[in-house]
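Peer 1: Got a predicted model here, sequence first, then my questions.
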Amino acid sequence: MTPQFWYLSRNASTRRLATWVHGEMDTEAVTCPLTDEHQRGGMRLTDLSITVPAAGIEDFVWTWFNECLIQDHVLDALRKAKLSGFEVKPVKANTERESSIAVPMLHELIVTGWGGMAQVKSGISVISRCPGCGHTTYSGVSDSSRILDVSEWDGSDLFLVWPLPRYIFITDRVANLIRETMWQGCKIMNPNNIKSDGFTPGRLSYYFPDTTARKIGLPLRIY
């Protein structure tokens, strides 16, 4: 039986989005020897330091940059269920000054499972790749039902498909756990509804642990 796949999304409201703490976050600066137009921020160099809004803290917390954070009890449940394809990083979290709510332990969810490259049948393909800095632009989705090639999926319960690294793909095992626990702060979405005019995701090493990113990304020119 073909596994059912979904992806995790934050709720539509921005009231609960966490913000980076100014002065405590650092990213690499990417420059291009060929054009100033490709100068941009690259890989995040520091663990997350965030401010959580006074609206409150749910089981899943998202930042304005779509980074996904989970509370301790969520992490414990994922591990107890022996779900695969993720690791976590520490998070320093505070609330806004006017808030008196306590801040629970939060962890940044780092997806390590691999779902391969999006199929060309989906409409996603490379439009341009800069020879100077590697800046790559991909076309948008014309048929989202064909994004995932199951033959390239490594079997992980949480995984990424390139070039959609901000979409956390999950299996039925993860989706069912979220439904059973009724965790707040995330939505289970059908990937057939993914819409985008194009993608500029940067490099795989922005999202994956370096060893894994190097192994997968170098042959595909996305490291």
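Peer 2: Alright, I've got the coordinates.
Peer 1: So in terms of bridging, what pairs with the nearest residue to residue 125 once chain neighbours are set aside?
Peer 2: Closest residue in space to residue 125, ignoring its immediate chain neighbours: residue 139 at 5.4 Å, by C-beta to C-beta, 6 or more residues apart in numbering. For every residue, glycine as well, the C-beta is placed using N, CA and C. Beta-bridge pairing of residue 139 under DSSP bridges involves residue 198.
Peer 1: Tally up the residues packed near residue 139, please.
Peer 2: 17 (other C-beta atoms under 10 Å).
Peer 1: And for the one 3 residues further on?
Peer 2: Using other C-beta under 10 Å, residue 142 has 11 other residues around it.
Peer 1: does residue 78 sit in a helix or strand, and which one?
Peer 2: Secondary structure assignment for residue 78, by DSSP states H and E: helix 72-80.
Peer 1: List the buried residues in that helix.
Peer 2: Residues 74-75, 77-78 are the ones in helix 72-80 that count as buried (16 or more other C-beta atoms under 10 Å).
Peer 1: what separates that helix from the chain centre, distance-wise?
Peer 2: 18 Å (C-alpha atoms, centre = their mean, to the nearest Å).
Peer 1: Stretch 8-24 too?
Peer 2: For stretch 8-24, the distance to the chain centre is 13 Å (C-alpha atoms, centre = their mean).
Peer 1: What residues sit buried inside it?
Peer 2: 8-10, 16-18, 20.
Peer 1: what's the answer for stretch 162-182, then?
Peer 2: 162-165, 167-171, 174-175, 177-178.
Peer 1: What separates the first and last residues of stretch 205-212, distance-wise?
Peer 2: With C-alpha to C-alpha, to the nearest Å as the measure, stretch 205-212 spans 8 Å from end to end.
Peer 1: residues in contact with residue 148?
Peer 2: 5, 115-116, 118-119, 161, 169, 191 (C-beta atoms under 8 Å, 6 or more residues apart in numbering).
Peer 1: wait, which of these is closest to residue 146?
Peer 2: residue 119 (5.1 Å; C-beta to C-beta).
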